[in-house]
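Q: Sequence and predicted model, in that order:
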There are 4 protein chains.
Amino acid sequence: MAGTEDGVSRRAAMASLGIGALGIGGVALAQDASRPPVDLGTVVDGKVLFPPSQANSEAQPAPPPNADAPADRVGFAIVGLGKLALEQVLPAFAQAAHARPVALVSGSPVKMAAVAKQYGIAPDSCYTYADMARLRDNPAVQVVYVITPNALHRQHVIAAAKAGKHVLCEKPMAPSSSDCNAMIEACRAANVKLMIAYRMQYQPHAREAIRLARSGALGSVTLMDMINNQNQGDPAQWRQIKALAGGGSLPDVGLYCLNTARAVLGEEPVEVSAQIWSPPGDPRFREVEDNVAFTLRFPSGAIANCMSSYSTHRLSRLKLIGSDAWAEMEHAFDYQGQNLRVTRLVDGKDQIAETSIGVKNQFALELDHMAHSVRKNLLPRTPGEEGAQDQRIMEAIYEAARTGRTVRLAEVPGHDRFRGPESLPQ
Amino acid sequence: MAGTEDGVSRRAAMASLGIGALGIGGVALAQDASRPPVDLGTVVDGKVLFPPSQANSEAQPAPPPNADAPADRVGFAIVGLGKLALEQVLPAFAQAAHARPVALVSGSPVKMAAVAKQYGIAPDSCYTYADMARLRDNPAVQVVYVITPNALHRQHVIAAAKAGKHVLCEKPMAPSSSDCNAMIEACRAANVKLMIAYRMQYQPHAREAIRLARSGALGSVTLMDMINNQNQGDPAQWRQIKALAGGGSLPDVGLYCLNTARAVLGEEPVEVSAQIWSPPGDPRFREVEDNVAFTLRFPSGAIANCMSSYSTHRLSRLKLIGSDAWAEMEHAFDYQGQNLRVTRLVDGKDQIAETSIGVKNQFALELDHMAHSVRKNLLPRTPGEEGAQDQRIMEAIYEAARTGRTVRLAEVPGHDRFRGPESLPQ
Amino acid sequence: MAGTEDGVSRRAAMASLGIGALGIGGVALAQDASRPPVDLGTVVDGKVLFPPSQANSEAQPAPPPNADAPADRVGFAIVGLGKLALEQVLPAFAQAAHARPVALVSGSPVKMAAVAKQYGIAPDSCYTYADMARLRDNPAVQVVYVITPNALHRQHVIAAAKAGKHVLCEKPMAPSSSDCNAMIEACRAANVKLMIAYRMQYQPHAREAIRLARSGALGSVTLMDMINNQNQGDPAQWRQIKALAGGGSLPDVGLYCLNTARAVLGEEPVEVSAQIWSPPGDPRFREVEDNVAFTLRFPSGAIANCMSSYSTHRLSRLKLIGSDAWAEMEHAFDYQGQNLRVTRLVDGKDQIAETSIGVKNQFALELDHMAHSVRKNLLPRTPGEEGAQDQRIMEAIYEAARTGRTVRLAEVPGHDRFRGPESLPQ
Amino acid sequence: MAGTEDGVSRRAAMASLGIGALGIGGVALAQDASRPPVDLGTVVDGKVLFPPSQANSEAQPAPPPNADAPADRVGFAIVGLGKLALEQVLPAFAQAAHARPVALVSGSPVKMAAVAKQYGIAPDSCYTYADMARLRDNPAVQVVYVITPNALHRQHVIAAAKAGKHVLCEKPMAPSSSDCNAMIEACRAANVKLMIAYRMQYQPHAREAIRLARSGALGSVTLMDMINNQNQGDPAQWRQIKALAGGGSLPDVGLYCLNTARAVLGEEPVEVSAQIWSPPGDPRFREVEDNVAFTLRFPSGAIANCMSSYSTHRLSRLKLIGSDAWAEMEHAFDYQGQNLRVTRLVDGKDQIAETSIGVKNQFALELDHMAHSVRKNLLPRTPGEEGAQDQRIMEAIYEAARTGRTVRLAEVPGHDRFRGPESLPQ
């Protein structure tokens, strides 16, 4: 093949080798006996499979995503068009494989019209809160995703259940255990699924960290350190209003520490101590708490030291500490930026190893899990019961801080007692 | 508001405060005179704007993406359904704001049917290579994206231009300067735009690195170190066949080093030296080269030391080295994983600072740039002339390695002489 | 000067330029009028000063160390020849500038003879514990460094004080507050200094972290996260025996968290909560505790979440978390390996900046501080009172864990109330 | 042992357990039958050995250093009291185990007196350059360490050899191959050892990197990337004067790239290409070169891309790139701060692993190697022949840059042909 200096003679050379049945790029490849045929991919069950292009020592690129055709996806109605819905959730559908937005619910017709136009949602699939019962008549809607302020979750979840739709509800589930119980009961009565949007249980680095802890690869995991801090701005935003938010940093960001600590070993805490402090005179903390430090003890003896803040520079971090090794995630609870490092002894020396884990949109993974659970009729990994248990523990944390006493919690034997199967769409 | 212990009494408490005109989540907020109203977002020019939620010391979340409604986007035809198209490009449209796939061209009807179904492309927008002239009759297609083997770019770009469509062509542009010139000429004759898919010139970390170098923030940038290595597997893949690939590691991965080195200062190299080595007997390198080390000298005196490989573990890295500071990107040319660190003296001590730059899909950025260029009738940042210049330099690199001599290149005065404006969609 | 191809002609060329008064390396330098004279260093106050060799954009190398001649250094007697003394302290004298070992005290004549030979200590400067009173007659000994098991510190410190020598005592100071008080009293009565060997208050990265927190550069520091874990081996070692160690992970490694948290803002905690857990049946924890999680609250509202362990993989980490930024030290409490990273917003993006701080031996810094305090008659930065305060707080931590209640501590107004000046030798 | 609340009752409790023969800290330990005896260390061959204190999952602390008593160490004369000698070499003796400074040679009596006082060197062991022959009469001097400007190495090495002393000579060995040969010949004639001070071949991280490359753990190492840049200040310093320095960035800092590249696989390069550029008008580069980019090709096909600079911000980095993995050292050629990271595929994902390697002073290791070589009558790892080979290759680099041609070098079959054994003192 040497000496072909330009495209014309190159193609002439190819032609001179003889033209075979299998072409590439519309040009038939030479049937050179000394050269195996080029594999251009095969189609199996509607999916295109390619041979590996890289050597065995290399990570192969991810295969083409196995996404449903748009029309085949599970349809979601989005209830509440605030920052989270518009900045994170709605854009995430584009990275989902099995979910699509098909309806909106909002109190603002102007805002809803702008969003509907952007996402190609028909005007007759746009509803007011008062109209939620009409969702029943929209067959494109299979799931209702409630993204309203925390204190309103109860009424919107119940409205969705009454409309006969499965429900995905943002965390925290609700400001009180009695709210949570009422939501679970409403969904049970309506025979619809209820999932709480705990994105960390679907995020790949967190899942790998949990897998490591449970596998014994870290030895016996007896300590955890969890931090989730941010610094709130505008004191007038709903998160600073107790009647809407239910609480301050604990239910909003501290909940990630609590929920992840519970998920690591699958145990439920039996004891909690806590201290809470809010800076006097800061208008952000007239109604809700700022800094929370809490310590959970689990039946195996494992202790989780946790911290949340609403007045310090953003920091989210997770450490799982075992007898033989420890794992750390930076940006643990952020929307992106996670990594995972494990420190252990190798050949007599400490080694820090960071594994490259492909970035995936957490909200898309969550949406796909809900779609999969609906299609396969499975309990979601994080059902309403998972949210209710967190709420019970948060109530104990508040009590421990208020009383200055360690609070004991009801023992929950077994593992993953409030969780569904890990089953995920392929 | 203290003492509201459950959802029912909380909502009662809210009601007791009096119900105002502005509701949230369908529930009217109390008109508490001591509390400013909650800002639920405003709509300006069809876009929803929220007030900042975080303190001034914090990064604010990105605003809702300003994506076009699906039907309003620029339509692309994808030519060639290989690994790159299926694994990277087609999934990336979901993260684009202004582009959508509307047609396919492939030699494999079975593969094309599977892809068309997944992406919701109508059967009558699926074409064979022989049919490309019929693209002219499809008004939904505004841009043709050519993703076939390198040696076939010429004929497919020309076919698209003849069909009256703008063209986005994968890199390397073509195996010879004469190919490149013919492609540029065909697009000029057809009065269509031609862009080469140099994703690094659109990737945010690389753009920031280039901005730093040009701003003087690193002092005078006089040295660059660029590496792009991977380890090829199957010797039968088209990239190992000279008639299809045009060359080995240099045009495939080394091109990123070359193109980025040129883009950093906007100068064109005047001198190149090189050494090439391929392991004897390795079936992957019967036709194309393996390792290439090349050194570029620029008119300002800046020197770029570059390396590409087809037989070593994946490594891609970029360093821009100035008199006062140096910048480094890890995973510089990979599809994801970029970071950017700058080392400089601060208060008498060396400091390494890594800036958090939001992750964006590189292919989506590239697609949006092409869509924007078409809509606004702008020369793309990386037009055909950019690709042709790289090809001229690669031919000099091969010559330098073959002759063992430094090869001089034609001087190109000015800056960014082969590039269009940086204008990007907002 | 071009064209001088070998040493002979080069030197001839130099000679031909004319020989000046100032030589270099024994060869006179040419008096080339166009070239300024080479500055070979000047001697000021017995110290050699060189001009900077690097550009202004660069860190200059550290100047020659300003160490005393060996015979001029402050003489230390080492009491106790265990692992810490032999592996860390005695080797560290070589990196000190003002201290030297001149005497030993041990219960093992064989071990002492081997050590004395290695460090050039005369046989008549080797003592048994019973002989410590004879230190009074050794004028070379100015300081006695007590490195025996914790429970023995009291008697050895008192013995040293009675011999009229200043005392440096390893941490933890002693197993009880009454021990601490007795030690302070004995040194006061003997009019000798007492310093507790808190190396973190001398370690450069920790000092810089404390400086940052106090400077306001992090905003208001209201949260700290401190971890110090290790995994003990042999259950028979003295650290697992309560009568010798006084306690388990808390006084040994958790003390670093406690002491550093106190040092950050210079405040004293007012409230402590804690949980302790030891694995049943583990022979290492028959007498002393394993894992301790404790939370300190300070008068300003700052909260420190702390953790220590004797059964998990080595991990030591410190975070100082402010309203505007946070600082993190890896390997915070280890003998080496510290770094310091600060995360803050810069130009609207989060930036992680690591400052290069020269590595210095912590023990050498501690020895030099004590030598300096003795010479200048200054209260050491970490006197006995600092150790006694830590012991009081540790007793509160044990009580909080035992009772499940938050324990209040006596308020200590002011800042750095138990510390001497930061004055360090230059 | 429970319930002992203060030191007095604790010690009473210990006494009540019965007093055994083996004491600790002067206090006899109870002979508790249920508790094994405490191992306080044993003395073997004059060395103290302790049992491991940490669990098997942990790195054990380094054992007590096996240093010679001061009087037993190999005595060094330091020739030249410039920045390197005073800032690095003389302080490093304190961290050496087998070497000590016993004599000085300088042209500045005032500077020498100050240094002699600091290091406890007697006035009659201080010499002028003209006096070097008198070193013969000083039996305390076994090795002469030449740290004068490069162009003076020849005369000082020869003077030392003529005085019958072994010689350690700073790098670069000398400005010309003929100088190098003369130095080797003089030492051979005098029957003394000649070692060139290539600290990287003794630095632990570099040694581990070389071990990895040779072990096959990275696969076949076929590419290297080496950078060593700094930014010179004062144009009047001797390093900018060709008659003293011999050259610019290449022999000073680029030499580290060259020497390390050669040491990695033990091969000698067969081909070199290069480009050199100095900024016109910069007073630092009137005589010596600034930036050098050079590419070495080795017989196995391995290629090293190297760069040195005298005008850019400090950056030193080393990459060894193999078919299966690659290793990177940051701060590769700096006096401290090295790390070592290896990237490879583990369980299908890329993993970056950093191994914790204990920090050791590079100059101390070099001094100890020379002391060991003298004591054991071994060829040093980096003898004069190693330096002469580097000089030959640097001359080829200058020629390649000047002529614009690849320069072929004489083939040197075998491995490590210019090196002595790796034998190091234990």
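A: Now that the structure is in, tell me what you want to look at.
Q: Endpoints of stretch A:350-362, how far apart?
A: Length of stretch A:350-362, first residue to last, CA to CA, to the nearest Å: 32 Å.
Q: Residue A:265 against residue A:213, yeah?
A: Yes: applying CB atoms under 8 Å, one finds residue A:265 in contact with residue A:213, separated by 6.5 Å. Placement of C-beta: from N, CA and C, glycine included.
Q: residue boundaries of the helices in the stretch 101-250 of chain A?
A: Using DSSP state H, counting those that start in this stretch, the helices of the stretch 101-250 of chain A run over A:109-119, A:153-162, A:177-190, A:204-215, A:242-245, A:249.
Q: Each with direction, which strands does the helix or strand where residue A:328 lies pair with?
A: Element membership for residue A:328 (DSSP states H and E) is strand A:325-330. If you go by DSSP bridges, strand A:325-330 pairs up with strand A:311-322 (antiparallel), strand A:341-346 (antiparallel).
Q: list residues touching both of residue A:265 and residue A:213?
A: residue A:221 (CB atoms under 8 Å, 6 or more residues apart in numbering or on different chains).
Q: and residue A:171, how many residues sit next to it?
A: 22 (other CB atoms under 10 Å in any protein chain shown).
Q: An error on my part: the question was meant for residue A:375.
A: By other CB under 10 Å, 13 other residues sit near residue A:375.
Q: Roughly how far does it sit from residue A:130?
A: Residue A:375 is 31 Å from residue A:130, where distance means CB to CB, to the nearest Å.
Q: what do you get for residue A:100?
A: 25 Å.
Q: Residue A:152 too?
A: Distance from residue A:152 to residue A:130, counting by CB to CB: 13 Å.
Q: would you list the helices of the stretch 101-250 of chain A in JSON lines and tack on mean pLDDT, distance to chain C and mean neighbour count?
A: As requested, those are exported to JSON lines (pLDDT from 0 to 100; distance: least, CB to the nearest CB, whole Å; neighbours: other CB atoms under 10 Å in any protein chain shown):
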{"stretch": "helix A:109-119", "mean pLDDT": "95", "distance to chain C": "25", "mean neighbour count": "19"}
{"stretch": "helix A:153-162", "mean pLDDT": "98", "distance to chain C": "29", "mean neighbour count": "25"}
{"stretch": "helix A:177-190", "mean pLDDT": "98", "distance to chain C": "23", "mean neighbour count": "19"}
{"stretch": "helix A:204-215", "mean pLDDT": "97", "distance to chain C": "12", "mean neighbour count": "19"}
{"stretch": "helix A:242-245", "mean pLDDT": "95", "distance to chain C": "20", "mean neighbour count": "21"}
{"stretch": "helix A:249", "mean pLDDT": "98", "distance to chain C": "11", "mean neighbour count": "27"}
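Q: Just the buried positions in stretch A:43-53, please.
A: By 16 or more other CB atoms under 10 Å in any protein chain shown, the buried positions in stretch A:43-53 come out as A:48, A:50, A:53.
Q: what do you get for stretch A:55-64?
A: A:55, A:57, A:58, A:60, A:61, A:64.
Q: That one and chain D, are they touching?
A: Yes: with CB under 8 Å from any CB of the partner chain as the measure, stretch A:55-64 is seen reaching chain D through A:55, A:57, A:58, A:59.
Q: Nearest the middle, which residue of chain A would you pick?
A: For chain A, residue A:199 is the residue whose C-alpha lies nearest the centre (CA atoms, centre = their mean; 2.1 Å).
Q: Quick check: the gap between the nearest residue in space to residue A:54 that is not next to it in sequence and residue A:59.
A: Ranked by CB to CB, 6 or more residues apart in numbering or on different chains and with sequence neighbours excluded, the top spatial neighbour of residue A:54 is residue B:233, at 4.8 Å. Remark: distance between residue B:233 and residue A:59 (CB to CB) = 12 Å.
Q: quick one on the thing from earlier: so which of the strands paired with strand A:325-330 is the most packed in?
A: Mean neighbours per residue, mean count of other CB atoms under 10 Å in any protein chain shown, is largest over these for strand A:311-322, with a mean of 26.
Q: can you state the direction angle for that strand and helix A:204-215?
A: Orientation of strand A:311-322 against helix A:204-215 (axes from the mean of the first three to the mean of the last three CA atoms, to 10 degrees) gives an angle of 30 degrees.
Q: For strand A:311-322, C-alpha coordinates in CSV please.
A: Written as CSV, here are the backbone C-alpha positions of strand A:311-322 (Å, rounded to 0.1, in the frame of the first residue of the first chain):
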residue,chain,number,x,y,z
SER,A,311,-23.5,29.0,56.5
THR,A,312,-20.1,27.7,55.4
HIS,A,313,-18.4,27.3,52.1
ARG,A,314,-19.6,24.4,50.0
LEU,A,315,-18.1,21.1,51.1
SER,A,316,-19.4,17.6,50.7
ARG,A,317,-17.3,14.7,51.6
LEU,A,318,-17.8,11.0,52.6
LYS,A,319,-15.3,8.7,54.3
LEU,A,320,-15.9,5.0,54.9
ILE,A,321,-13.2,3.8,57.3
GLY,A,322,-12.4,0.1,57.8
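Q: And the average pLDDT for it is what?
A: Strand A:311-322 shows an average pLDDT of 98 in the prediction.
Q: same deal with stretch A:358-375?
A: Mean predicted confidence for stretch A:358-375 is 96.
Q: Name the residues linked to the residue in the stretch 151-300 of chain A positioned nearest to chain D by a beta bridge.
A: Residue of the stretch 151-300 of chain A nearest chain D, by CB to the nearest CB: residue A:219 (6.6 Å). Counting by DSSP bridges, residue A:219 forms beta bridges with residue A:217.
Q: That one reaches residue A:321, doesn't it?
A: No: at 9.4 Å, residue A:219 does not count as touching residue A:321 under the criterion of CB under 8 Å.
Q: Return every residue with contacts to both of the two.
A: C:312, C:313.
Q: Next, work out how far apart residue A:96 and chain B are.
A: Distance of residue A:96 to chain B, computed by CB to the nearest CB, to the nearest Å: 9 Å.
Q: Could you give the number of residues near the closest residue in space to that residue that isn't next to it in sequence?
A: Of all residues not flanking residue A:96 in the chain, residue A:364 sits nearest, at 4.1 Å (CB to CB, 6+ apart). Neighbour count of residue A:364, defined by other CB under 10 Å: 22.
Q: does residue A:364 sit in a helix, a strand or a coil?
A: Assigned by DSSP: H, G, I helix; E, B strand; the rest coil, the conformation of residue A:364 is helix.
Q: Before I go, just wanted to say thanks for your time.
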